[in-house]
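Colleague: Predicted model, plus sequence, below.
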Amino acid sequence: MTQVTIFVCTACRLGGDVDNRPGQILLERLHARLPPHERESVAIEPVECLGVCKRPCTVALAAEDKWTYVIGDLDAVGDVDELLASARGFAASENGIVPWKDRPNAFRKGVVSRVPPLAAAKARP
Ligand code: FES
């Protein structure tokens, strides 16, 4: 059962170069580094634009009934393991909010926004 989905923007361009799309590299490296035993619990999905085009690489961590985080400024090569660790921490959290002290550096420095779960709005009277 999927516990977290990492949406990876594959459309961002580095320096406006149409041929330099680091999100595709990040996507491939995430798939390569994700251990086989986690392939049912961590989904890695390409998306075209998360609205943070000036901060590539950009991803979103999402799961049902949890806050969603949009994270940018990720290095397609150097931040792969920290991103996977971030996804694990996110999946293990109760509501998606990962304490600051428990966030890998790439997660700490790259947060663009967080969005509440839809259930939070439905729960209001
Ligand atoms: S093109 Fe990647 S966030 Fe817009």
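Modeller: Received the coordinates, thanks.

Colleague: from here on, contacts and neighbour counts on C-alpha atoms
Modeller: Will do.

Colleague: Next, residue 45: secondary structure please.
Modeller: Following DSSP: H, G, I helix; E, B strand; the rest coil, we place residue 45 in the strand state.

Colleague: Tell me the bridge partners for the closest residue to it other than its chain neighbours.
Modeller: Leaving aside its sequence neighbours, residue 45 sits nearest to residue 7 (Cα to Cα, 6 or more residues apart in numbering; 4.8 Å). As for beta bridges, residue 7 partners with residue 45, residue 60 under DSSP bridges.

Colleague: Model confidence for residue 7, exactly?
Modeller: Residue 7 is assigned 98 on the pLDDT scale.

Colleague: contacting residues around it?
Modeller: Residue 7 makes contacts with 44-47, 59-62, as judged by Cα atoms under 8 Å, 6 or more residues apart in numbering.

Colleague: Quick check on the residues you listed: which are buried?
Modeller: Listed as buried from the contacts of residue 7 are 44, 46, 59-62; burial here means 16 or more other Cα atoms under 10 Å.

Colleague: Pick the one among those residues closest to residue 103.
Modeller: residue 61 (12.9 Å; Cα to Cα).

Colleague: I figured that closest one was touching residue 89, is that so?
Modeller: No. Using Cα atoms under 8 Å, residue 61 is not in contact with residue 89; the gap is 10.5 Å.
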